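Asks: for reference, the sequence and a predicted model appear below.
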Amino acid sequence: MPDRSMLLRVEHLRKVYGSATGDVEAIGDVSFTMDAGELVCIVGPSGCGKTTLLKCLAGLLRPTSGIVEMDGVPVTGPSPAMAVVFQEYGRSLYPWLTVRGNVELPLRHKRLSREAREKLVTDALDAVGLGHAARSHPWQLSGGMQQRVAIARAVAYQPEVLIMDEPFAAVDAQTRADLEDLVRELHTARGISIVFVTHDIDESVYLGERVLVLSKSPTWVQEDLAIDLPPERDQITTRALLRFTELRTHVYDQIQRAKRGETAAAR
Ligand SMILES: Nc1ncnc2c1ncn2[C@@H]1O[C@H](COP(=O)(O)OP(=O)(O)OP(=O)(O)O)[C@@H](O)[C@H]1O
């Protein structure tokens with residue numbers, strides 16, 4: 001395996017929301033690092049602060065205290081080095097723009113020639129299997145295809161890290177499996193670094209090289225689990241492996257413990 005350099009560093013991150021009814025400590029004390037080229041999944045009990053954590057990573061939310069660094073530089077706001085894909089693809093696409101126009105839009109903020117921009121868009125649409133739909137509008141596409149557009153837009157932007165917040169929660173099971181394979185493909189073929197938040201334990205094990213299990217809120221990292229499955233994965237063979245079952249059972253058990261407020265179990 002090639003040497004990897006540290007991409008993200010999160011240290012003693014804490015986030016307290018102030019509200020009229022009192023403060024809510026969403027993130028207690030989260031620390032972890034991520035190397036360039038890794039695919040890290042984040043799971044945890046419902047409401048444990050996954051979205052809050054992602055927003056702090058992406059510079060969309062200011063932490064109450066602690067450090068988020070990308071390539072050694074503090075993240076203080078949205079950065080061109082990061083692209084975020086949310087669950088609600090319907091709301092993230094502009095209905096009056098074509099698929100191509102949606103993918104191209106953020107690139108207009110980059111200093112690129114028209115040719116370079118068009119090449120990035122074509123390449124990203126091909127990568128997600130939507131080259132044929134470039135001139136369609138989002139509302140002419142299925143939910144799964146719309147989410148592919150959102151992924152293409154993020155890929156075309158060439159971020160150093162792709163941050164995905166439950167991106168497949170709203171699509172059917174078969175589409176979800178296809179999109180999971182697309183994410184694996186983007187990661188293995190293009191070396192894209194990905195932080196992927198999901199509710200789905202099986203999905204976290206199938207996709208990840210590491211799974212971070214969060215405690216219940218106020219959150220800390222209950223376990224940082226290496227997923228020692230072969231890098232070549234497919235929906236049938238990988239999910240049938242005994243090791244896959246062991247890992248998913250372990251993560252499930254950890255989340256149950258997290259819900260009860262217990263600390264980590266031995267592996
Ligand atoms: N803007 C806000 N103001 C006050 N409290 C908030 C705000 N956003 C989130 N919270 C609280 O912070 C905690 C974590 O919320 P967050 O949405 O990050 O969790 P989550 O793990 O992503 O949730 P889910 O499992 O439902 O997707 C919750 O207790 C939530 O009520």
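Replies: Okay, I see it. None of the values given here were measured: they were computed from a predicted structure.

Asks: got the domain boundaries for this protein?
Replies: 6-81+160-260, 91-158 (automatic domain parsing).

Asks: for the ligand, which of those domains is the nearest?
Replies: With Cβ to the nearest ligand atom, the closest approach to the ligand among the domains of the chain belongs to domain 6-81+160-260: 3.3 Å. Just so you know, the C-beta spots here come from the backbone N, C-alpha and C atoms, and that holds for glycine as well.

Asks: off-centre distance for that closest one?
Replies: Chain-centre distance of domain 6-81+160-260: 6 Å, with Cα atoms, centre = their mean, to the nearest Å.

Asks: span of it from start to end?
Replies: Terminal residues of domain 6-81+160-260 are spaced 33 Å apart (Cα to Cα, to the nearest Å).

Asks: and that domain with the ligand, contact?
Replies: Yes - judged by Cβ under 6 Å from any ligand atom, domain 6-81+160-260 comes into contact with the ligand through 17, 19, 24, 26, 46-52, 217.

Asks: shaky segments in this protein?
Replies: For the chain, applying pLDDT under 70 flags the ranges 1-3, 263-267.

Asks: apply 80 and report the result again.
Replies: Scanning the chain with the threshold set as pLDDT under 80 gives 1-4, 89-91, 262-267.

Asks: all strands of it, in order?
Replies: 6-17, 24-35, 39-43, 65-70, 73-74, 82-85, 161-165, 193-197, 210-214, 219-226 (DSSP state E).

Asks: can I get the ones you listed in a markdown table including mean neighbour count?
Replies: What follows is the strands of the chain, written out as a markdown table (neighbours: other Cβ atoms under 10 Å):
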| stretch | mean neighbour count |
| --- | --- |
| strand 6-17 | 18 |
| strand 24-35 | 18 |
| strand 39-43 | 25 |
| strand 65-70 | 16 |
| strand 73-74 | 10 |
| strand 82-85 | 22 |
| strand 161-165 | 23 |
| strand 193-197 | 24 |
| strand 210-214 | 23 |
| strand 219-226 | 19 |
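
Asks: so can I have a markdown table of the ones you listed showing distance to Leu125?
Replies: Conversion of these to a markdown table gives the following (distance: least, Cβ to Cβ, whole Å):
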| stretch | distance to Leu125 |
| --- | --- |
| strand 6-17 | 26 |
| strand 24-35 | 28 |
| strand 39-43 | 22 |
| strand 65-70 | 27 |
| strand 73-74 | 31 |
| strand 82-85 | 15 |
| strand 161-165 | 16 |
| strand 193-197 | 19 |
| strand 210-214 | 30 |
| strand 219-226 | 34 |
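
Asks: and Arg153, which of the ones you listed is closest to it?
Replies: Shortest distance between Arg153 and those, using Cβ to Cβ, is found for strand 82-85: 7.6 Å.

Asks: who does the closest one pair up with?
Replies: strand 161-165 (parallel) (DSSP bridges).

Asks: residues touching the residue nearest to Glu209 when sequence neighbours are not counted, list them.
Replies: Of all residues not flanking Glu209 in the chain, Leu39 sits nearest, at 5.1 Å (Cβ to Cβ, 6 or more residues apart in numbering). Listed by Cβ atoms under 8 Å, 6 or more residues apart in numbering, the contact set of Leu39 reads 183-184, 187, 193-194, 196, 207-210.

Asks: next one: Val103
Replies: Neighbour list for Val103: 121, 124-125, 149, 152-153, 156 [criterion: Cβ under 8 Å, 6+ apart].

Asks: of those residues, keep whichever come out buried.
Replies: 121, 124-125, 149, 152-153, 156 (16 or more other Cβ atoms under 10 Å).
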